[in-house]
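Chemist: Fold the following and give me the result.
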Amino acid sequence: MILVTGGAGFIGSNFVLNWLSTQNEGLINLDSLSYAADLNNLESISENKEYFFIKGSIEDQNLIEKILEKYNPRAVINFAAETHVDRSIENPEIFMKTNIFGTFHLLNASLKFWKKISLDNQKKFKFLHISTDEVFGSLSLEDEKSNELSPYKPNSPYSASKAASDHLVRAWGETYKLPVITTNCTNNYGPHQFPEKLIPLLIHNCLNNKKLPIYGKGENVRDWLYVEDHCEAIKEVLVKGSIGETYNIGGNNEKTNIEIVKTVCSTLDEIKPRKNNSSYKKLITFVEDRPGHDFRYSLDISKIKKELNWQPQETFESGIRKTILWYLENMNDITPE
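Modeler: Okay, here's the model as predicted:
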């Protein structure tokens, strides 16, 4: 049995579905069901006897302690987080509460539980913390990719809160010897993503004939990781990862934002042409850049390739096609705020 937090969100729900379809082991999903979470993502497993959903927050340490005592999981995987940079600029407080204090309470509950279990179970137990490439800060086009030893330089309230949570995880490992592992990933895309993020927002706006807002000149660079590849990497880290280590997970797909937009438009032009036969690219509109918009993120993933024999399977072209086809089939269930 494993405990997953934030398992009704984008990456978390994809991981829950992946786990229950590939592993012969039960899973508890703790999620507060904030705006970006959706239990419809998990409707297909709602009757699965190996799946247990509990509504609650990682800020509720008493609840977490009760869950750990009742289910006796061999691992905790922490996906729970507020993640949208724009929202962190407008309202940073909720990011501090969830990402910092929530992680603190989850670590405390896990440590309390870990100290109580048998020595054999202590040796098997892992606390796996899921984090982001944004903690490393902005890169230029000439800079080397960030590796696991790169200094932290967070520039937004979101990335600062995730950096703080990463440091807490490390501290609980070093100070209390809790068996922790951290992963830092690049931009994820794929099914079940709330349409405030770039790719689902583009798809939604295209299909509703709305403008495609692009910050600045669209020159900011991100590496794109198909969410299913990320799930497979997390499973590898859980099985083979070394205690106390950090692993970067990326897709080897560095693209400018304008490249992403044009790829989505071209793919939709092919799969679902507009009624007037003009390209969806006609909807592109450039808007004022957001404050502190980091120029480039990129991760060196040579460590996880070498040590755990993992590498991404999807190209951006194959992954974006799968993503668009999924949204075309499920768009009626998705409505942005």
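
Chemist: number of nearby residues for Asn184?
Modeler: 25 (other CB atoms under 10 Å). All C-beta atoms are positioned from the backbone trio N, CA, C, and that covers glycine.

Chemist: Could you do Ile260 as well?
Modeler: Using other CB under 10 Å, Ile260 is surrounded by 23 other residues.

Chemist: State the next helix or strand along the chain beyond the host helix or strand of it.
Modeler: Here Ile260 is covered by helix 257-271, with elements defined by DSSP states H and E. Using DSSP H and E, the helix or strand that follows helix 257-271 in sequence is strand 284-287.

Chemist: Buried residues, that following strand. List them.
Modeler: Ile284 (16 or more other CB atoms under 10 Å).

Chemist: can you pull out the strands in the stretch 51-200 of the chain?
Modeler: Per DSSP state E, counting those that start in this stretch, the stretch 51-200 of the chain carries strands over the ranges 51-55, 75-78, 126-132, 180-185, 187-189.

Chemist: Looking at those strands, which is nearest to Phe15?
Modeler: Nearest to Phe15 among the strands of the stretch 51-200 of the chain is strand 75-78 (7.3 Å), distances taken as CB to CB.

Chemist: want to throw the strands of the stretch 51-200 of the chain into CSV with mean pLDDT and distance to Ala160?
Modeler: Below are the strands of the stretch 51-200 of the chain laid out as CSV (pLDDT from 0 to 100; distance: least, CB to CB, whole Å):
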stretch, mean pLDDT, distance to Ala160
strand 51-55, 98, 28
strand 75-78, 98, 18
strand 126-132, 98, 11
strand 180-185, 98, 15
strand 187-189, 95, 18
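
Chemist: all helices for the protein, in order.
Modeler: Here the chain has its helices, by DSSP state H, at 10-22, 61-71, 85-90, 93-95, 103-116, 119-124, 157-176, 198-207, 227-240, 257-271, 302-308, 316-330.

Chemist: I'd like to know which of the strands of the stretch 51-200 of the chain lies nearest to Ser242.
Modeler: strand 180-185 (7.4 Å).

Chemist: which neighbours does that closest one have in its sheet, and in what orientation?
Modeler: Strand 180-185 has the following sheet partners, assigned by DSSP bridges: strand 126-132 (parallel), strand 246-249 (parallel).
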